[in-house]
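Got a sequence here, can you model it:
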Amino acid sequence: MSMILFAFVVRVRDGLPLSASTDFEHNKELQERKHELRTISKAMARFPDRGTVKGQQLNIYFISSEGVSYMTVCHCSLPIAKAFCFLEDLRWEFTACFSSNVVSLAARPYPFLEFDSTIQKLKQQYNQSGGPSLEVTLAEVQDDLKIHPPQVVTLEEVELSNGIANGHLELEPVSAPGILSLVLNIVCASLNLIRGVHLFENTFQDDYESIWNVVAFLLAFISCLCQCHLYVFHSSLKKLKAYALLSVIVLCNFFLLGLRNVWQLIFHISVASLCTFLILSRKLQDKINDCGV
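Numbering: from 1, shown residues only. As a prediction, this is how the structure comes out:
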């Protein structure tokens, strides 16, 4: 089984594809990873010189040098050092064939198609022999990775960077369950605010023993509004924020169990859980042009 499945060379400043290996394999995940390569290539100028994007069975690795990025799709069982060793060899071969001036003047996609044969030979060497011919090179890469490990990049970061660069971030249209969730969340937020303000008035008049109940009501109110915002607008670290807001709402409601019956508790937590599910399910619309990879 081939460990290195695909290689892609792009210009960093604008993501212009310069060369790519010929595709002989057609499995579903590979096509998904190749689609992600197009997305990532548009954001290379905003990412580190070395990084990885993890998948189920196939990972993406990339390095950037002198305005050119070298990217590859490899099977997850391939040691990371060999993947980056392959990219280093690919970089060396490309820079030996094309100068930085020629690369900067390229005006159309895939101006260096003749480099495909070099990529194929390099892939074959790695897939058949299991790695570079010089073990010293592999050892050097392994040592360098220990000192400077590649950054793990998520597709959410890539999509966010592309949206910022294009001046917009468009999510999928709001669904009917999403509208219902927003309405229910606003109802929950209103109930929390009303109960919190009412309790605060009584606490202020009598004593301050129930101040933490007021805090719990108001914190749940703010969290409900934040959930609505997180569903309507895209945000970085969306998954982390969604789970954090759900945890706050659940904890606040359990804290208020003495002031709410079980059915009220179930209602508030169910609404928060539904909104969390819809937040995580709503994706960015794909606006990336197909570069023909």
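
CA atoms for contacts and neighbours, from now on please.
OK.

any idea how far residue 237 is from residue 273?
Computed as CA to CA, to the nearest Å, the residue 273 to residue 237 distance reads 18 Å.

Comparing those two, which residue is more hemmed in?
Here residue 273 and residue 237 are set side by side on neighbour count (other CA atoms under 10 Å), and the busier one is residue 273, at 20 against 11.

Just confirm the more buried one is within a helix.
Yes: assignment of residue 273 by DSSP: H, G, I helix; E, B strand; the rest coil places it within a helix.

Show me what the host helix or strand of residue 120 packs onto, helices and strands only.
Taking DSSP states H and E as the definition, residue 120 sits inside helix 116-129. The criterion is 3 or more CA pairs under 8 Å, 6 or more residues apart in numbering; DSSP states H and E, and the helices and strands that helix 116-129 contacts are strand 4-11, strand 17-20, helix 80-97.

what about the longest one, distance to the chain center?
In other words, helix 80-97. Using CA atoms, centre = their mean, to the nearest Å, we find the averaged C-alpha position of helix 80-97 to lie 25 Å away from the chain's own average C-alpha position.

The second one now?
Distance of strand 17-20 from the chain centroid (CA atoms, centre = their mean) equals 23 Å.

mean confidence score for whichever helix or strand comes after that strand?
Using DSSP H and E, the helix or strand that follows strand 17-20 towards the C-terminus is helix 28-41. Confidence for helix 28-41, expressed as mean pLDDT, is 84.

Helix 28-41 to strand 4-11, inter-axis angle?
Using axes from the mean of the first three to the mean of the last three CA atoms, to 10 degrees, the interaxial angle of helix 28-41 with respect to strand 4-11 works out to 20 degrees.

Alpha carbons only: can I get helix 28-41 in PDB?
Listed next in PDB are the C-alpha coordinates belonging to helix 28-41 (Å, rounded to 0.1, in the frame of the first residue of the first chain):
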ATOM      1  CA  LYS A  28     -13.300   9.100  -0.900                       C
ATOM      2  CA  GLU A  29     -11.000  10.300   1.900                       C
ATOM      3  CA  LEU A  30      -8.200  11.100  -0.600                       C
ATOM      4  CA  GLN A  31     -10.600  13.300  -2.600                       C
ATOM      5  CA  GLU A  32     -11.600  15.000   0.600                       C
ATOM      6  CA  ARG A  33      -8.000  15.600   1.600                       C
ATOM      7  CA  LYS A  34      -7.200  17.000  -1.900                       C
ATOM      8  CA  HIS A  35     -10.200  19.400  -1.500                       C
ATOM      9  CA  GLU A  36      -8.800  20.500   1.800                       C
ATOM     10  CA  LEU A  37      -5.400  21.100   0.100                       C
ATOM     11  CA  ARG A  38      -7.100  23.700  -2.100                       C
ATOM     12  CA  THR A  39      -8.600  25.300   1.000                       C
ATOM     13  CA  ILE A  40      -5.300  25.300   2.900                       C
ATOM     14  CA  SER A  41      -3.300  26.600   0.000                       C
END
